[in-house]
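Asker: below are the sequence and a predicted model for it; my questions follow.
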Amino acid sequence: MLRVSIYDDNDSLRETLAMVVEMTDELVLAGSYPDAMQVLETVANDVLDVILMDIEMPQRTGSGKNLTSRAFKAS
Amino acid sequence: MAGGVLVLLLAGAVTAWLLNRARLQRLKESLELRNKIAADLHDEIGSTLSSISLLSGLTEKQIINNQPQKAEQLIQKISQDARQMLESMDDIVWTINPRNDSMSTLLTRLREYAKPLADSKEIELNFVVSPEAENSTLILNVRQNVYLIVKEAINNLFKYAQATKAEVRFEKKGKNLEVVVKDNGVGFDSNGMNNRNGLKNMHERATTMGAKLDIDSNPENGTVLSLLISG
């Protein structure tokens, strides 16, 4: 069973992704967050196998990749 | 004689330069508008269509696996998404349409949006607009952001405020336009998960316009949202 966390500020898409995860037998929804910046705290506290994250943050270019590498190091 | 020719040449050069500058300005505005439409379509329509696409595939799977309740849940989400997209599309198209380039069409649209909601919740809603405010002009970007901020404020009001009275006010303060949305409800927790994204969006929109957004909310006095747009 893979534990999956979702970070996306688009409410509709985030809810859909959560439904997809919940209806897939091999996946377990660990958390669903509207703010991609929460990935750092949650990764440190939860056991996660898969992160689904929206890395497109128009106001700060480059922070998407930055966030993914920091999350990877923290996990 | 030579002096006269020189003056004519100079006038010609200045005119050409001015015309060129005007042309460049129009090109720049056109480019900004294209980028803006592309961004709006991507953000609002693109992600919701992705959602519908995912949901449809999943619905098919649930039907094949004989899971009608799950399929129903998914189809309800698809309906919700489709309705949301219609509303977004409607807003985008309305904003772009040159017919709607005036404050009075903006105000009419806000009124038309808010009134049925107010009636259904039995909230007394007043729109107060000063004549100077009604006659002011806003550029496309500013107009759209003002509309969306006020629309979001009205939505929050109807969803969470539990108010009996609300007011939307447009006034000119010198060169600036001030928009106030207030209610006599129970206020809200600005850190609450529910409206975090909505509030974040409002602040982002205000920043894009170079406007000042203040939200004052407490259980005793309700909520006052004020937006100051520099003229």
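Answerer: On my side now, so go ahead. Numbering: from 1, shown residues only, chains lettered A, B, ... in the order given.
Asker: quick check: pLDDT value at the closest residue to chain A within chain B.
Answerer: Per C-beta to the nearest C-beta, the residue of chain B with the smallest distance to chain A is B:S51, at 4.1 Å. For the C-beta atoms, the positions are set from N, CA and C on the backbone; glycine is no exception. Looking at B:S51, its pLDDT stands at 92.
Asker: tell me where chain A has helices.
Answerer: Along chain A, counting by DSSP state H, helices occupy A:11-22, A:39-45, A:63-74.
Asker: which residues are contacting the first one?
Answerer: Around helix A:11-22, the neighbours that count as contacts under C-beta atoms under 8 Å, 6 or more residues apart in numbering or on different chains are A:4, A:6, A:8, A:27-29, A:32, A:34, A:52, B:47-48, B:50-51, B:54-55, B:58, B:73-74, B:77, B:80-81, B:84, B:197.
Asker: one more pass at 7 Å, please.
Answerer: The contact list for helix A:11-22 (C-beta atoms under 7 Å, 6 or more residues apart in numbering or on different chains) reads A:4, A:6, A:8, A:27, A:29, A:32, A:34, A:52, B:47-48, B:50-51, B:54-55, B:58, B:74, B:77, B:81, B:84, B:197.
Asker: which of these are buried?
Answerer: A:4, A:6, A:8, A:27, A:29, A:32, A:34, A:52, B:47-48, B:50-51, B:54-55, B:58, B:74, B:77, B:81, B:84 (16 or more other C-beta atoms under 10 Å in any protein chain shown).
Asker: can you check the pLDDT for A:L67?
Answerer: For A:L67, the pLDDT comes out at 64.
Asker: what's the burial count for the closest residue to chain B within chain A?
Answerer: Nearest residue of chain A to chain B (C-beta to the nearest C-beta) works out as A:T16 at 4.1 Å. Neighbour count for A:T16, taken as other C-beta atoms under 10 Å in any protein chain shown: 26.
Asker: any stretches of chain B with poor pLDDT?
Answerer: Within chain B, the ranges that satisfy pLDDT under 70 run B:189-197.
Asker: buried residues in the lengthiest helix in it, which are they?
Answerer: Counting residues, the longest helix in chain B under DSSP H turns out to be helix B:2-40. By 16+ other C-beta under 10 Å, the buried positions in helix B:2-40 come out as B:36, B:40.
Asker: check the gap between A:V39 and A:L48 for me.
Answerer: According to C-beta to C-beta, to the nearest Å, A:V39 and A:L48 sit 9 Å apart.
Asker: I meant to write B:M209 there.
Answerer: B:M209 is 38 Å from A:L48, by C-beta to C-beta.
Asker: what does A:T16 give?
Answerer: In terms of C-beta to C-beta, A:T16 sits 20 Å off from A:L48.
Asker: so what's the closest residue to B:S230 other than its chain neighbours up against?
Answerer: Nearest residue to B:S230, sequence neighbours excluded (C-beta to C-beta, 6 or more residues apart in numbering or on different chains): B:N176, at 5.3 Å. When contacts are counted by C-beta under 7 Å, 6+ apart, B:N176 touches B:228-231.
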